[in-house]
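Peer 1: pasted the sequence and its predicted model underneath.
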Amino acid sequence: MPRTPTLDQLADDLALGRVTARKLVADCLARIDDTSGEGARAFVHVARRQAITAAEGIDRLRAAGAAPSRYAGIPVSIKDLFDVQGQVTKGGSKVLDDRPAATADAPAVARLRQAGFIVIGRTNMTEFAFSGVGLNPHFGTPKCAFDRKTGRIPGGSSSGAAVSVVDGMAHMGLGTDTGGSCRIPAAFNGIVGFKPTAARVPTAGALPLSHSLDSVGPLARSVACCAAIDTIIAGEPGRTLVPASLKGLRIAAPQTFVLGGMDEAVSGDLDRALSALSAAGAVVDRIAVPEFDDIPKINSKAGFAAPEALAWHMDLITERGPDYDPRVLVRINRGKEQTALDYIKLLDDRAKLIAAVEKRLAGYDVIALPTVPTIAPPISALDKDDEFGRINLLALRNPTVINMIDGCAISLPMHKPGNAPTGLMLAGLRGRDHAVFSIAAAVEALLDARHG
């Protein structure tokens, strides 16, 4: 699946007058409206009139030399978890239909608008962001970009965000990531998804899943695209992305836990990617990280998401329980399994996990592992609840490791063009976001060159 145009290419086209914001919006709306595509399932709301009006305004500002940034006029999509002024934030659900419209944009949305990005619409998602597969029984499930004839899961929870980008219905999707919700759909759809160190980007104005693990990140077509968006939504000064040198780079490639259940496509692509890095002069150490193997035990009583979600949803479940997706409702209700003592121990166990992992991996520049151990399975494979549970846990397993250690991570394509998309996850310890972007830019260039 083509990954162009990038945000920088679009910005150059706008600056040189090769395209207008009005034309970019019109093209995205045409793709959304295409009845042979996924627009009706990828979006739960299209801000048609507002987007056209905003585009016309940006074109006038650009003509006057007053565009707020070089990216002004580029259409983006917003996950249905975020507040957008004047719109109801539903979280991919029916139970918030009667909620009042938001009176202000979420900070991340506001920062995108301040840079001149145009909100084209709200994207579909797993109800309340509580799964990694992307199914939504209320609004339909957008199909993964690969093998649409079969109909494969898009990954979740930012399902519509990924599909909107890969299908050209938007040029970036704003998502959230609690256990992989930016990275899983990026991996399944052959694009790039980034999860920042959680504290860097405000989560205010976004419906919470787990306040301990939630983070806000972009899904886009390149590492540079994600880096540019990350800088904006984090409220940081603009910076030039300089690819790191691969020669002498120290890469930790964890074994055992994160490699279980890999299919042949992912295994082959991972081996080729790590071999390419070694050939480029990087030092790839395939090491045991026993702390990662302990995470299932730490989370054995539903982890953070279930009890923290239950605290937020308790009254809503009493009022509207039958209107929830049953598969989401049962996961939220698992929060009842935890006692206050269990939760306090969970907090302590996580703190010890972070300290131990930071000590073990302190000498490495980056961690490399498969984003998801399989390609996107067919939607029909999840018809039975037991298969849904198995596939969902497998999709979430590796990304959740990084949320648990409060790290940062990016998923970038590692498959050959035309093959089923697979994702290589490059991760760093907390606060190493800028370094991860520089390394990812170099790895992306290496893999692109090898794939022609």
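Peer 2: Everything's here; your move.

Peer 1: list the helices and strands the one helix or strand Arg41 maps to packs on?
Peer 2: Per DSSP states H and E, Arg41 falls inside helix 39-42. Using 3 or more C-beta pairs under 8 Å, 6 or more residues apart in numbering; DSSP states H and E, the elements in contact with helix 39-42 are helix 21-33, helix 159-166. Heads up, the C-betas are built off the backbone N, CA and C, glycines and all.

Peer 1: give the pairing partners of the following helix or strand past that helix; include direction for each.
Peer 2: Downstream of helix 39-42, the first helix or strand assigned by DSSP H and E is strand 43-46. Strand pairing for strand 43-46, determined by DSSP bridges: strand 118-123 (antiparallel).

Peer 1: give me the pLDDT for Thr256.
Peer 2: If you check Thr256, the pLDDT there is 83.

Peer 1: please read the previous query as pertaining to Arg450.
Peer 2: At Arg450, pLDDT is 87.

Peer 1: so what's it up against?
Peer 2: By C-beta atoms under 8 Å, 6 or more residues apart in numbering, Arg450 lies in contact with 272, 276.

Peer 1: rewinding a little: figure out which of the helices and strands packed on helix 39-42 is closest to Pro185.
Peer 2: Smallest distance to Pro185 across those (C-beta to C-beta): 3.5 Å, for helix 159-166.

Peer 1: what does whichever strand or helix holds Arg320 rub up against?
Peer 2: Element membership for Arg320, per DSSP H and E: helix 305-320. By C-beta under 8 Å, 6+ apart, the residues outside helix 305-320 that reach it are 94-96, 128, 130, 178-179, 208-213, 324, 329, 331-338, 343.

Peer 1: try 6 Å
Peer 2: With contacts defined as C-beta atoms under 6 Å, 6 or more residues apart in numbering, helix 305-320 is touched by 95, 208-211, 332, 334-335, 338, 343.

Peer 1: show me which of those residues are buried.
Peer 2: 95, 208-210, 332, 334-335, 338, 343 (16 or more other C-beta atoms under 10 Å).

Peer 1: next step: those restricted to helices.
Peer 2: Those of the buried ones among the contacts of helix 305-320 mapping onto helices are 332, 343, per DSSP state H.

Peer 1: which parts of the stretch 251-400 of the chain are helices?
Peer 2: Assigned by DSSP state H, counting those that start in this stretch, the helices in the stretch 251-400 of the chain fall at 264-279, 290-293, 295-298, 305-320, 326-333, 340-360, 385-404.

Peer 1: can you show me the CA trace of the second one as CSV?
Peer 2: The C-alpha trace of helix 290-293 is given here as CSV (Å, rounded to 0.1, in the frame of the first residue of the first chain):
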residue,chain,number,x,y,z
PRO,A,290,12.6,-11.8,32.3
GLU,A,291,10.7,-8.8,33.6
PHE,A,292,8.6,-8.8,30.5
ASP,A,293,7.7,-12.5,31.2
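
Peer 1: for it, buried residues please.
Peer 2: 291-292.

Peer 1: could you give the mean pLDDT of it?
Peer 2: Here the average pLDDT along helix 290-293 is 97.

Peer 1: let me have the helices of the stretch 251-400 of the chain in a markdown table, adding distance to Pro5 as columns.
Peer 2: Converted to a markdown table, those look like this (distance: least, C-beta to C-beta, whole Å):
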| stretch | distance to Pro5 |
| --- | --- |
| helix 264-279 | 25 |
| helix 290-293 | 37 |
| helix 295-298 | 39 |
| helix 305-320 | 36 |
| helix 326-333 | 36 |
| helix 340-360 | 38 |
| helix 385-404 | 27 |
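
Peer 1: circling back to that earlier point, point out the most buried one among the helices and strands packed on helix 39-42.
Peer 2: helix 159-166 (a mean of 35; mean count of other C-beta atoms under 10 Å).

Peer 1: got the domain ranges for this protein?
Peer 2: Domains of the chain are assigned by automatic domain parsing as 7-233, 250-450.

Peer 1: first-to-last residue distance for the shortest one?
Peer 2: Criterion C-alpha to C-alpha, to the nearest Å; first-to-last residue distance in domain 250-450 is 21 Å.

Peer 1: for that domain, the distance to its chain's centre please.
Peer 2: Distance, stretch centre to chain centre, for domain 250-450: 12 Å (C-alpha atoms, centre = their mean, to the nearest Å).

Peer 1: do the longest one as well
Peer 2: Chain-centre distance of domain 7-233: 10 Å, with C-alpha atoms, centre = their mean.

Peer 1: ok, now which ones touch Leu277?
Peer 2: Leu277 touches Val284, counting by C-beta under 6 Å, 6+ apart.

Peer 1: where's it relative to Leu14, distance?
Peer 2: Plainly put, Leu277 is 35 Å away from Leu14 if you go by C-beta to C-beta, to the nearest Å.

Peer 1: what's the local residue count around Val436?
Peer 2: 27 (other C-beta atoms under 10 Å).

Peer 1: relative to helix 264-279, how tilted is the helix or strand encompassing it?
Peer 2: Using DSSP H and E, Val436 sits within helix 433-450. If you take axes from the mean of the first three to the mean of the last three C-alpha atoms, to 10 degrees, helix 433-450 sits at 100 degrees to helix 264-279.

Peer 1: look up how far Val192 lies from the residue nearest to Gly190 when sequence neighbours are not counted.
Peer 2: Among residues not flanking Gly190 along the chain, Pro421 sits closest, at 3.5 Å (C-beta to C-beta, 6 or more residues apart in numbering). To Val192, Pro421 is 11 Å away according to C-beta to C-beta.
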